[in-house]
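A.B. asks: Predicted structure and sequence below. I'll ask about it afterward.
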Amino acid sequence: MLAFARGQDLEPALHDVNALIRGAEEVYRRAAGPITQCTLDLADADSRVMVDAEQLEAPLVHLVANARDAMDHPGSIRIATRIARPSLHLHPEAMPEREYLYVTVADDGPGMVEDVRLRAMEPFFTTKDVGRGSGLGLSQVFGFASQSGGYAFIESEPAEGTCVTMAIPLPEAPGA
């Protein structure tokens with residue numbers, strides 16, 4: 001919440017995000033629970049970006065736990081990375097044209113209706129029952145991505161699952 005509200009003091013340094021994710025793989029599997037399969041699909045490309053390594057794990061755990069909680073049946077969650085340039089079709093927030101490391105958590109759960117998807121990253125917005133959610137998890141994802149110089153967005157359709165992505169800019173080559 002601090003990252004969203006007033007700006008948490010992050011300590012970014014150049015880190016291999018794929019290595020960080022592999023190092024915390026067991027944490028993500030535990031967060032997914034015993035009946036949900038959690039897999040990694042990490043890019044072969046260089047995944048070094050400027051992030052606070054200690055703060056990266058929390059938004060990913062929130063996304064895995066949210067995916068697990070959204071599913072009403074055993075399902076699957078996939079944590080993936082890839083290098084990409086933004087597409088105006090998928091990213092109407094007009095991200096600057098450059099390469100980003102996309103860190104994605106996708107599930108095969110029930111998905112979201114459009115009005116829920118549009119509000120999902122608002123602080124304190126939750127669809128969970130009273131006592132089951134604070135509404136801070138997705139706002140933390142948004143805050144972390146923003147403070148890392150990037151963006152966060154949700155792609156979801158009812159009955160089609162949900163895909164939440166943090167796009168973190170790749171370091172620009174010297175002289176670029």
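C.D. replies: That came through, no problem.

A.B. asks: Counting by contacts, list what the helix ranked longest in the chain packs against.
C.D. replies: Secondary structure assigned by DSSP state H gives helix 53-70 as the longest helix of the chain. If contacts are counted by 3 or more Cβ pairs under 8 Å, 6 or more residues apart in numbering; DSSP states H and E, helix 53-70 sits against strand 13-16, helix 17-23, helix 25-32, strand 76-84, strand 100-107, helix 137-147, strand 162-169. (C-beta placed from N, C-alpha, C; glycine too.)

A.B. asks: Please enumerate residues in contact with that helix?
C.D. replies: Applying Cβ atoms under 8 Å, 6 or more residues apart in numbering, the set of residues contacting helix 53-70 from outside is 3, 8, 10-11, 13, 15, 17, 20-21, 24, 27-28, 31-33, 36, 38, 75, 77, 79, 103, 105-107, 109-110, 128, 132-133, 137-138, 140-141, 144-145, 162, 164, 166.

A.B. asks: Dump that helix to CSV, keeping only the CA atoms.
C.D. replies: Written as CSV, here are the backbone C-alpha positions of helix 53-70 (Å, rounded to 0.1, in the frame of the first residue of the first chain):
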residue,chain,number,x,y,z
ALA,A,53,14.6,-7.6,-5.5
GLU,A,54,13.2,-7.9,-2.0
GLN,A,55,10.0,-6.1,-3.0
LEU,A,56,9.4,-8.1,-6.2
GLU,A,57,8.2,-11.2,-4.4
ALA,A,58,5.2,-9.6,-2.6
PRO,A,59,3.2,-8.6,-5.7
LEU,A,60,3.8,-12.0,-7.3
VAL,A,61,2.7,-13.8,-4.2
HIS,A,62,-0.5,-11.6,-4.1
LEU,A,63,-1.2,-12.4,-7.7
VAL,A,64,-0.8,-16.1,-7.2
ALA,A,65,-3.0,-16.0,-4.1
ASN,A,66,-5.6,-14.0,-5.9
ALA,A,67,-5.7,-16.4,-8.7
ARG,A,68,-6.0,-19.3,-6.3
ASP,A,69,-8.8,-17.6,-4.4
ALA,A,70,-10.7,-16.8,-7.7
